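Colleague: Next input, structure requested:
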Amino acid sequence: MSSSKSEQAQAFERLMRPHLDKLYRLAFRLTGTVADAEDLVQDVLVKLYTRRAELSSIQDLSPWLGRVLYNLFVDTRRRSKRRRLGLVATDVEQQSASATHHSPAPDPQAQTAQAFDISRLHEALQRLSEEHRTVVLLHDAEGYTLLEIQRVTDVPVGTLKSRLHRARARLREILKEDGTL
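Modeller: Numbers count the residues shown, from 1 in each chain. All right, here's what the predicted structure looks like:
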């Protein structure tokens, strides 16, 4: 019997492993902290472990998992009201770190300018409404398509297009006010 449970756990792990990085990034962008992101992903995995038989029948698992994570985040947020939607450094910062790793002599002025731009972008994103910030993060930072975001947030594609357009326009406006653009 324990062998069967072990096999089930291994099958669950094989199914989920390819999606863990994306789930963690999404959780981190939503919660803004490492600890909360880890807790959120863990809660999703615990919740889904009992439904592992269903998971193998889902055709496009990544957006479905994103929706489960997003819904759990929203539910948790509604219950605790004290959490605020946060943002961490964008993928630009991660790309900068990997590019710097390959570069023998990073330019300190360029790094400082990039860090300043990332900081301004972070501040600008914080000034957006939660709906606009969420769609920009999911689409532009995480690379979800509008159809995938629809599955995650249960918001119609037309509304998402409108929000994305307005969010980008507002970001440009904020960044122009700051002198970043």
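Colleague: CA atoms for contacts and neighbours, from now on please.
Modeller: OK.
Colleague: I figured residue 126 hits residue 136, correct?
Modeller: No - applying CA atoms under 8 Å as the test, residue 126 and residue 136 come out as separate, 11.5 Å apart.
Colleague: Between the two, which is the more surrounded one?
Modeller: Shown here are residue 126 and residue 136; by other CA atoms under 10 Å, residue 136 has more neighbours (24 against 15).
Colleague: Does that one lie in a helix or a strand, and which?
Modeller: helix 130-136 (DSSP states H and E).
Colleague: what is the mean pLDDT for that helix?
Modeller: Helix 130-136 shows a mean pLDDT of 89.
Colleague: can you check stretch 70-80 too?
Modeller: Rounded mean pLDDT across stretch 70-80 is 79.
Colleague: in it, what counts as buried?
Modeller: 70-74 (16 or more other CA atoms under 10 Å).
Colleague: neighbouring contacts of it?
Modeller: 27, 30, 40, 44, 83, 152-153 (CA atoms under 8 Å, 6 or more residues apart in numbering).
Colleague: could these be laid out in CSV, adding pLDDT and neighbour count?
Modeller: Below are the contacts of stretch 70-80 laid out as CSV (pLDDT from 0 to 100; neighbours: other CA atoms under 10 Å):
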residue, pLDDT, neighbour count
27, 90, 23
30, 84, 25
40, 93, 24
44, 93, 20
83, 34, 13
152, 84, 21
153, 87, 20
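Colleague: quick one: which two of these are the most distant?
Modeller: Greatest spacing in the contacts of stretch 70-80, by CA to CA: 83 and 152 (20.0 Å).
Colleague: how deep is residue 123 tucked in, by neighbour count?
Modeller: 15.
Colleague: residues contacting it?
Modeller: By CA under 8 Å, 6+ apart, residue 123 has no neighbours at all.
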